[in-house]
Structures are given as C-alpha cells and as structure tokens.
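Engineer: what would the 3D arrangement of this be:
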Amino acid sequence: MALLQGYSDMDFSYLQSMPLDELLEATASREPVPGGGGIAAMTAASAAALVEMVANLTIGKKGYEDVDLIMQEIRDRARELRLRYLRGIDEDARAFDDVIRAVRLPRDTPDRTAVVQRAFTHAAAVPFALGKDIFVLLQLADQTVRYGNAWVITDGAIAAMNARSAMRSAFYSVRINLKSIMDEVFVRQMMDAILDIEARAEMVEKSVERAYARR
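Structural biologist: Numbering: from 1, shown residues only. You can find the predicted model right below:
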C-alpha cells in the first residue's frame with residue numbers, strides 16, 4: 001500500500017478544476033472529500049481573486065499613481081496565492097485519504113501505529129501550511145483596503161473577512177488532527193504557532209475594519 005511509503009497515490013487534482021456547482025454538489029454528498037479543509041482552501045482562493053480585482057482596478061487609475069507599483073506587486077502575489085490555495089483543495093483531500101487508508105489497515109500490520117501517526121501528522125501539517133499562507137493574503141487584503149481604489153474597497157474588506165474565515169477553518173482542521181497525535185512536543189509546537197498566527201491575524205482584521213471605516 002502506497003501509504004506505507006508516506007503519501008497517498010490518489011489523484012484529487014480534478015477537484016480544483018470542477019465547476020463551482022459541481023464542487024458544492026460533491027461537498028454535499030456522502031463522500032468525505034471535498035470537506036472542510038478543501039472548502040477553506042476554496043474560500044481562500046476566492047478571497048485572493050478579490051484582492052487581485054481591487055489591485056487591478058487601482059493600477060493605472062488617476063489619483064492612485066503613488067501606489068501603482070505596490071498594487072502591481074499585490075496583484076502578482078495574490079495570483080500566486082490563489083493558485084496555491086486551489087492546489088490546497090487537492091492537498092487536503094489527499095491528506096484525508098492518507099488518514100482513512102492508515103486507520104483501515106489491519107490491526108496486525110507491521111508498524112501500523114507509526115503509519116497512522118505519520119498520516120495524522122501529515123493531515124495536520126497540510127492545513128497548517130495553508131493557514132500560514134492565508135495569513136499572507138490577509139495582509140495583502142489589508143493593503144488594498146488602505147490604499148486601493150476607494151470604489152472597490154468593500155471588495156478588499158470582504159476578501160479580508162473571507163481570508164480570516166478560511167484561515168480559522170484551516171486551523172480547525174489542524175486541531176482535530178492534533179487530537180490523534182501522540183507526539184506531545186509536536187502538538188505543543190503546532191498549537192503555539194497557531195495561537196501566534198491567530199493573534200496577529202486578529203490585529204490585521206481590526207486594522208482592516210479601522211481602515212475601511214475611515215475611507
């Protein structure tokens with residue numbers, strides 16, 4: 001079984017290319033994937049698209065010449081993140097598949113405990129990495145609300161709120177997997193990192209709200 005080498009050989013890359021209505025239909029089905037982690041990644045991708053939109057509607061506009069280069073950088077970085085988040089839909093599905101295949105191994109499988117622990121550790125690491133990357137988007141959204149085209153700053157604020165929600169959702173996925181991990185040092189380090197990122201994200205969220213209210 002491929003899982004014994006560490007990663008699932010299942011290909012879930014089709015998920016990120018599904019029409020939205022089909023993706024949501026698949027989510028609503030009895031199948032476990034796509035699930036919460038995949039939807040968090042999709043939400044983050046939609047937030048990144050809004051950040052790109054605000055940047056694009058600021059670039060080249062009269063009165064925003066001073067932030068033109070900044071908005072170009074934001075646009076390009078947001079696009080990179082959008083594509084990364086879309087890949088996250090697939091990554092989350094594969095990580096979950098790893099866990100399912102591991103826990104279904106016969107009880108007498110050699111090194112079964114190690115295999116299961118490896119699967120849960122990977123399943124925690126995947127949404128953790130996604131959550132960290134979403135924090136970057138939250139910072140970009142903050143910049144669009146502060147300096148972007150005033151006509152579309154609501155879209156920047158919505159991007160920030162969706163990014164915040166997606167980040168929290170990703171970290172919920174981390175937490176549920178940590179409950180099955182026996183390595184206490186790993187669990188503590190992961191939780192400390194989550195709490196640090198969430199505290200900083202809360203500050204950025206408040207910054208967005210203040211900037212939005214001023215404009």
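Engineer: does A193 count as helix, strand or coil?
Structural biologist: helix (DSSP: H, G, I helix; E, B strand; the rest coil).
Engineer: and it, how close does it get to V136?
Structural biologist: Using CB to CB, to the nearest Å, A193 is found at 15 Å from V136. The C-beta positions use only the backbone N, C-alpha and C, and glycine is treated the same way.
Engineer: check V152 too.
Structural biologist: From V152 to V136 the distance is 21 Å (CB to CB).
Engineer: low-scoring stretches of this structure, by residue?
Structural biologist: For the chain, applying pLDDT under 70 flags the ranges 1-11.
Engineer: tell me the helices in it, going along the chain?
Structural biologist: 20-28, 36-56, 68-103, 112-147, 153-178, 184-214 (DSSP state H).
Engineer: quick one: closest of these to K62.
Structural biologist: Counting by CB to CB, K62 lies closest to helix 68-103 out of the helices of the chain; the figure is 10.9 Å.
Engineer: buried set for that closest one?
Structural biologist: 70-71, 74-75, 77-78, 81-82, 84-86, 88-99, 101-102 (16 or more other CB atoms under 10 Å).
Engineer: likewise stretch 143-152?
Structural biologist: Under the neighbour-count criterion of 16+ other CB under 10 Å, stretch 143-152 has 143-149, 152 buried.
Engineer: for the helices of the chain, which one sits closest to F12?
Structural biologist: Per CB to CB, nearest to F12 of those: helix 68-103, 3.8 Å.
Engineer: show me how far that closest one is from its chain's centre.
Structural biologist: Relative to the centre of its chain, helix 68-103 is centred 6 Å away, using CA atoms, centre = their mean, to the nearest Å.
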